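> With the sequence up front, the predicted model follows.
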Amino acid sequence: MAADGAEASVAAGDEGSAEARLAAKLDAKAAAKAKPVESAEVAIRVQGVTKTFGLKNAVDDLSLVIHAGSVFGLIGPNGAGKTTTFSMMAGYLNPSSGSIDVLGFSPDRVEDLRGKLGVLPQDALLPANDRVGEFLVDMARLQGIASKDATRRAKDALEEVDGQTWWGVRCGALSHGMAKRVQLAQALLGDPKVVLLDEPTAGLDPRIAYEVRQIIKGRKGRCTLVVSSHNLSELEEVCDAAAILDRGRLMASGTMSELTAATEEVRFKVPPLPAGPILGAPEGAAKPPMEAIRELPMVTIAEYDDERGELIVHFDRSKPDVDAELVIGAVLWILVQQRVRISGVTKGRGLEQRVMDLTDKP
Amino acid sequence: MNPLLETWLVAARDCRKNIRSAKGIVMFGISLLGALTCTFKLPKFEEAMDDVHKLDPEQLRQVKSQLFAKLYGDEATGDTLASAPIKLVILFFIAVWLVPLLVMIIGFDGISADLQYRSVRYWTIRTRRASYYAGKFMALWAIIALVTLVMQLMIWGVTIVRADAPAGETILWGLRFWATSLPITGAWCGVATLASSLFRTPMLSLLATGATFFLLFFVGYIIGKGGDVAAVRYLYPNNFDAWIMSAKPERMLEGIGVCLAYILVTSGIGSWVFMQRDV
């Protein structure tokens, strides 16, 4: 049975022994180093930003607030303006109009943001002739880390991405996955307060992508993370809040629960029965008992989508003690009593569905 | 962080990169080959000038003095240079003419390659863009200075071993010639760094650098020097050697000043544009 993203990731972490060890190691590191950031603080403020390339508006009057300590996702299809927004936050691109503050400073104020902002750019190649170690030491030195500490800090960052053995390897000789992790190491170098990650798991095999997600999770609470990605399940798993962009415009933003309506509806995957007798299934059990569900006091709307084989139940969360878990329990009880076959339960409509609803409409 | 320290860190890393890169090694090899060729061809050149060898030392000095005075447009300079070992003077001519080529080939992708592969993004969140630009310029200047110094060292060695001139005289003159080439090299590096920072594609940057150098040669040398149009003579950095080599201090300072102005103008424009642009 499917659960929400966070629960699923915990279950996955408990299963594989190597993965579980990595997760435990990262959690222990995080706990040791954790310095919780005051969540009410604003880490990044984007105000009415427009970015024009020629006649095309890549980003159009975008406003966002990203709170300190959160993991924030930038979501949208190709050409939505994610990378452009990301690049303006990092100071790579200048907004055509509007303003961006990172920790209260314009992103081009390098002297004020030095060491406080870490960035993993999407397509930036590592300098091919540099050794990994000397590249990271150079980056550490430029961040203002004293030369006597730079090597140690660079080694710490490399260890965090599990790349201790690559110190003397030429950047040009690294595989895609290794290079991505070195890029991640430079972004995390020196424990910056804000870390921007553009497609951090793009092109990585599932195991390394999982490890990168664990690293991101390990940083939760220690810094503000902004993650731009196409991988919606990944974002749903790691992000506290997100903005959905399409054609340069903001379509929605909010906490992950708000975006997925996880506190307003639950969905039950109830596939229609195939033709012919099914062992143990009562006659006429292909559809869930809608009347019985609608009669539940907390339920406001209940619908069955034949095409998708999905039962959608909206509930009134303003009533005392009503939450998604209570509704799931009550509806499941009815479905089980009626011997309806259930293949999954999700809180809300899922980020993917939400993005589909909001984007690419003519 | 102090902008000078930023510049130093960028420049040190870039020097290391240039020395290690295949292009740097090949250029270094070509320069050494040039110096070696020059070293071994010079005796044959001297043999061919039997008439010159028949002259007594004072007459020879007079000939050299007149030749250099004509070349540099100043009798005092010609007289001073007549005392210098001939090999070093010839190497100086070659080095000054070779510098734009070296600068173009080593410097064309200094910034443009970082822009093309977006590696520049690792730097721009950590250094002021002006410091990054200055670091790239300084690194290019240092590398070309190193290459020309190695060429000089080879010629000094040959001159001393062949007893063409006393060791002390050779080294002092060699250092003077090398030092004279430094401001000129700096001016060329300023133009190359500016051209490199304007393009995302190294090949375009190479073409733009070459075209700019040729334009400066045509306007500053062919029209300015050949056509005796003083106003445009300043455009061609290789024209400044006559001033820097001059025996008159004010003329020498003028030459150095013009080179520095060249560097300041090109670097000022380049870093300002680089600060405004998207990377």
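Here it is on my side, so go on.
> quick one: the helices in the stretch 1-150 of chain B?
For the stretch 1-150 of chain B, applying DSSP state H, counting those that start in this stretch gives helices covering B:3-20, B:22-48, B:50-54, B:57-72, B:75-81, B:86-107, B:112-116, B:120-124, B:129-161.
> Which of the ones you listed sits closest to residue A:88?
helix B:120-124 (12.7 Å; C-beta to C-beta). All C-beta spots, glycine's among them, are computed from the backbone N, C-alpha and C.
> Kindly format the C-alpha coordinates of the closest one as CSV.
The C-alpha coordinates for helix B:120-124 follow below in CSV (Å, rounded to 0.1, in the frame of the first residue of the first chain):
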residue,chain,number,x,y,z
VAL,B,120,32.8,30.4,-14.1
ARG,B,121,29.8,29.8,-11.9
TYR,B,122,31.9,28.1,-9.3
TRP,B,123,34.0,31.3,-9.0
THR,B,124,31.4,34.0,-9.3
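> roughly how far apart are residue B:132 and residue A:47?
Residue B:132 sits 28 Å away from residue A:47, going by C-beta to C-beta, to the nearest Å.
> Who has more neighbours out of those two?
Higher neighbour count among residue B:132 and residue A:47: residue B:132, with 29 against 14, using other C-beta atoms under 10 Å in any protein chain shown.
> Name the residues of the one helix or strand residue B:189 maps to that come out as buried.
Residue B:189 belongs to helix B:167-197 when elements are defined using DSSP states H and E. Across helix B:167-197, burial judged by 16 or more other C-beta atoms under 10 Å in any protein chain shown covers B:169-171, B:173-174, B:176-178, B:180-197.
> Could you check how far the residue nearest to the spatial centre of chain A is from chain B?
A centroid search over chain A (C-alpha atoms, centre = their mean) returns residue A:235, at 2.3 Å, as the residue closest to the centre. As judged by C-beta to the nearest C-beta, to the nearest Å, residue A:235 and chain B stand 22 Å apart.
> Show me which residues of chain B are close to chain A?
B:1, B:6, B:9-10, B:13, B:16-17, B:20-21, B:117-129, B:276, B:278-279 (C-beta under 8 Å from any C-beta of the partner chain).
> circling back: ok, and the closest non-adjacent residue to the residue nearest to the centre of chain A?
Leaving aside its sequence neighbours, residue A:235 sits nearest to residue A:73 (C-beta to C-beta, 6 or more residues apart in numbering or on different chains; 4.0 Å).
> Would you agree that neighbour is in contact with residue A:229?
Yes: applying C-beta atoms under 8 Å as the test, residue A:73 and residue A:229 come out as touching, 6.8 Å apart.
> Now do the shared contacts for these two.
Common contacts of residue A:73 and residue A:229 (C-beta atoms under 8 Å, 6 or more residues apart in numbering or on different chains): residue A:235.
> Neighbour count: those two, which is higher?
Per other C-beta under 10 Å, whichever of residue A:73 and residue A:229 has more neighbours is residue A:73, with 28 against 22.
> Does anything pack onto the strand or helix carrying the more buried one? Which helices or strands?
Using DSSP H and E, residue A:73 falls within strand A:71-75. Judged by 3 or more C-beta pairs under 8 Å, 6 or more residues apart in numbering or on different chains; DSSP states H and E, the packing partners of strand A:71-75 are helix A:82-89, strand A:224-228, helix A:232-238, strand A:241-246.
> tilt between it and strand A:241-246?
10 degrees (axes from the mean of the first three to the mean of the last three C-alpha atoms, to 10 degrees).
> what about strand A:71-75, distance to the chain center?
Relative to its chain's centre, strand A:71-75 lies at 5 Å (C-alpha atoms, centre = their mean, to the nearest Å).
> And the contacts of that strand?
For strand A:71-75, the external contacting residues (C-beta under 8 Å, 6+ apart) are A:44, A:66, A:82, A:85-86, A:216, A:220, A:224-229, A:232, A:235, A:238-245, A:256, A:351, A:355.
> Any of those buried? List them.
Applying 16+ other C-beta under 10 Å to the contacts of strand A:71-75, the neighbour count classes A:44, A:66, A:82, A:85-86, A:216, A:220, A:224-229, A:232, A:235, A:238-245, A:256, A:351, A:355 as buried.
> For residue A:243, name its beta-bridge partners.
Note on residue A:243: beta-bridge partners residue A:74, residue A:253, judged by DSSP bridges.
> which residues touch it?
Taking C-beta under 8 Å, 6+ apart, we find residue A:243 in contact with A:64, A:72, A:73, A:74, A:75, A:250, A:252, A:253.
> let's see it at 10 Å
A:46, A:62-66, A:72-76, A:80, A:82, A:85, A:226, A:228, A:250-254, A:259 (C-beta atoms under 10 Å, 6 or more residues apart in numbering or on different chains).
> Quick one: buried ones out of the residues you listed?
Buried members of the contacts of residue A:243, counted by 16+ other C-beta under 10 Å: A:46, A:62, A:64, A:66, A:72-76, A:80, A:82, A:85, A:226, A:228, A:250-253, A:259.
> Walk me through the domains of chain A.
Domain ranges of chain A: A:1-34, A:42-258, A:261-359, per automatic domain parsing.
> hey, where'd the strands end up in chain A?
Assignment of strands within chain A using DSSP state E yields the ranges A:42-53, A:56-67, A:71-75, A:97-102, A:117-120, A:194-198, A:224-228, A:241-246, A:249-255, A:265-269, A:299-305, A:310-315, A:344-347.
> Which stretch among those strands approaches residue A:164 most closely?
Smallest distance to residue A:164 across the strands of chain A (C-beta to C-beta): 19.4 Å, for strand A:117-120.
> circling back: quick one: the residue nearest to residue A:235 and residue A:226, what's the gap?
From residue A:73 over to residue A:226 the distance is 8 Å, taken as C-beta to C-beta.
> Mind listing the shared neighbours of those two?
Common neighbours of residue A:73 and residue A:226, counting by C-beta under 10 Å, 6+ apart, are A:239, A:242, A:243.
> Among those, which one lies nearest to residue A:194?
For these, the nearest to residue A:194 is residue A:239 (15.0 Å; C-beta to C-beta).
> Assess the claim that that closest one and residue A:227 are in contact.
Yes: counting by C-beta atoms under 10 Å, residue A:239 does reach residue A:227; the two are 6.5 Å apart.
> residues shared between the contacts of the two?
Common contacts of residue A:239 and residue A:227 (C-beta under 10 Å, 6+ apart): A:71, A:72, A:73, A:74, A:75, A:216.
> show me the contacts for residue A:111.
Contacts of residue A:111 (C-beta under 10 Å, 6+ apart): A:105, A:144, B:1, B:3, B:6, B:127, B:128, B:131.
> switch to 7 Å and redo it
Under the criterion of C-beta atoms under 7 Å, 6 or more residues apart in numbering or on different chains, the contact list for residue A:111 reads residue B:128.
> any idea how far it lies from residue A:144?
Remark: distance between residue A:111 and residue A:144 (C-beta to C-beta) = 9 Å.
> okay, residue A:335: pLDDT?
Residue A:335 is assigned 90 on the pLDDT scale.
> Distance check, it against residue A:91.
Applying C-beta to C-beta to residue A:335 and residue A:91 gives a distance of 53 Å.
> So which of those two has more stuff around it?
Using other C-beta under 10 Å as the criterion, residue A:335 and residue A:91 rank with residue A:91 on top: 24 against 21.
> isn't that one right up against residue A:105?
No: here residue A:91 does not reach residue A:105: they are 9.8 Å apart, not a contact under C-beta atoms under 7 Å.
> Looking at the domains of chain A, which one is packed in the most?
domain A:42-258 (a mean of 20; mean count of other C-beta atoms under 10 Å in any protein chain shown).
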